[in-house]
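S.K.: With the input below, show me the fold.
(one chain, ligands or ions: 3)
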Amino acid sequence: MYKVNVGKKILSANEEYALKNSQLLTEQKKLCLNMISSPGSGKTTILTRTISDLKDKIKIGVIEGDIQTEIDAERIRATKAPAIQINTDGACHLSAAQVNSALENLPISDLDLIFIENVGNLVCPSAFELGESAKIAVLSVAEGDDKPAKYPSIFAKSKAMLINKIDLLKAGVQIDFDIERAKADARKLNKGIEIFPISAKTGEGLAGWYDWLKREVKKLRL
Ligand SMILES: Nc1nc2c(ncn2[C@@H]2O[C@H](COP(=O)(O)OP(=O)(O)O)[C@@H](O)[C@H]2O)c(=O)[nH]1
Ligand SMILES: [Mg+2]
Ligand SMILES: [Zn+2]
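M.R.: Ligands and ions are numbered 1, 2, ... in the order given. Model (predicted):
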């Protein structure tokens, strides 16, 4: 008779903060990308390299989400970019309220682009809107080419997908990852998704990712 839908209620409160964040970012014309992946796919490595390579072109700040520690924010700060660490104390995704308080502590007016590194988890971060401009899915070749098919939600919702660690495919390491299969499965879920096979270690493929970031930042400046 009475149906208590706790999940829906939590999402609604989250959506209120997501709307606030989105309004703030839109007013200030800032691009905000919510990066989602399994732990260890290379998000922080991609971010530190991107920040260093683009430092004369795009001013980047980062909101780091982890269950514990400041390790990732410290890795970002070593590049001289501002970073705010959020510790979720066990929660497996960031909430829009947490991002709202992090945005208050970032020097937003000095930045062009804010990355949110979500908690490493391919499942529920995709269900919690943070008010971001777009989601970016990261999948490394060590995780298997079947992940877009098995974890469809994040690949369906992302504007771009980075296939990281492609250097491992060429190092004589035995990893069965078919890039074409991963691309085809992602495009089945999301026709317009941009896909960049990259290595954050060797730099291979990063030029395409950087061009895309520059274009997206420029769109907001117009
Ligand atoms: N071979 C290789 N290793 C990488 C690459 N990117 C990241 N890694 C390694 O993968 C591990 C996890 O990276 P990290 O950036 O912490 O991943 P995160 O948990 O997604 O933030 C680290 O040991 C990195 O050095 C890459 O392109 N190639
Ligand atoms: Mg990280
Ligand atoms: Zn979660």
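
S.K.: Show me what from the protein comes close to ligand 3.
M.R.: For the chain, the contact set with ligand 3 under CB under 5 Å from the ion comprises 92-93, 124. C-betas here are computed from N, CA, C, even on glycine.

S.K.: Taking those residues, please make a PyMOL selection of just the buried ones.
M.R.: In PyMOL, this line selects whichever of the residues of the chain next to ligand 3 come out buried by 16 or more other CB atoms under 10 Å:
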select buried, resi 93
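
S.K.: Put together a markdown table for the residues of the chain next to ligand 3, with distance to Ser38, pLDDT and secondary structure on each row.
M.R.: Converted to a markdown table, the residues of the chain next to ligand 3 look like this (distance: CB to CB, whole Å; pLDDT from 0 to 100; DSSP: H, G, I helix; E, B strand; the rest coil):
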| residue | distance to Ser38 | pLDDT | secondary structure |
| --- | --- | --- | --- |
| Cys92 | 12 | 96 | coil |
| His93 | 13 | 97 | coil |
| Cys124 | 13 | 95 | helix |
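
S.K.: just the residues of the chain next to ligand 3 now: which is nearest Asn118?
M.R.: Using CB to CB, His93 comes nearest to Asn118 of those, at 6.5 Å.

S.K.: need the contact list for that closest one.
M.R.: 65, 118-119, 121, 124-125, 127-128 (CB atoms under 8 Å, 6 or more residues apart in numbering).

S.K.: In helices, which of those appear?
M.R.: Among the contacts of His93, no residue falls in helices (DSSP state H).

S.K.: need those residues in a markdown table with distance to Lys20, can you?
M.R.: Putting the contacts of His93 into a markdown table (distance: CB to CB, whole Å) gives the following:
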| residue | distance to Lys20 |
| --- | --- |
| Gly65 | 18 |
| Asn118 | 18 |
| Val119 | 21 |
| Asn121 | 24 |
| Cys124 | 21 |
| Pro125 | 19 |
| Ala127 | 19 |
| Phe128 | 14 |
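
S.K.: by contact count, what packs against the longest helix along the chain?
M.R.: Longest helix in the chain, counting residues (DSSP H): helix 6-27. Contact partners of helix 6-27 among helices and strands, from 3 or more CB pairs under 8 Å, 6 or more residues apart in numbering; DSSP states H and E: strand 31-36, helix 96-104.

S.K.: Highest mean neighbour count out of the ones you listed?
M.R.: Each of those was assessed for mean neighbour count using mean count of other CB atoms under 10 Å. The highest is strand 31-36, with a mean of 25.

S.K.: In terms of position in space, what residue lies nearest the middle of this structure?
M.R.: Met35 (0.7 Å; CA atoms, centre = their mean).
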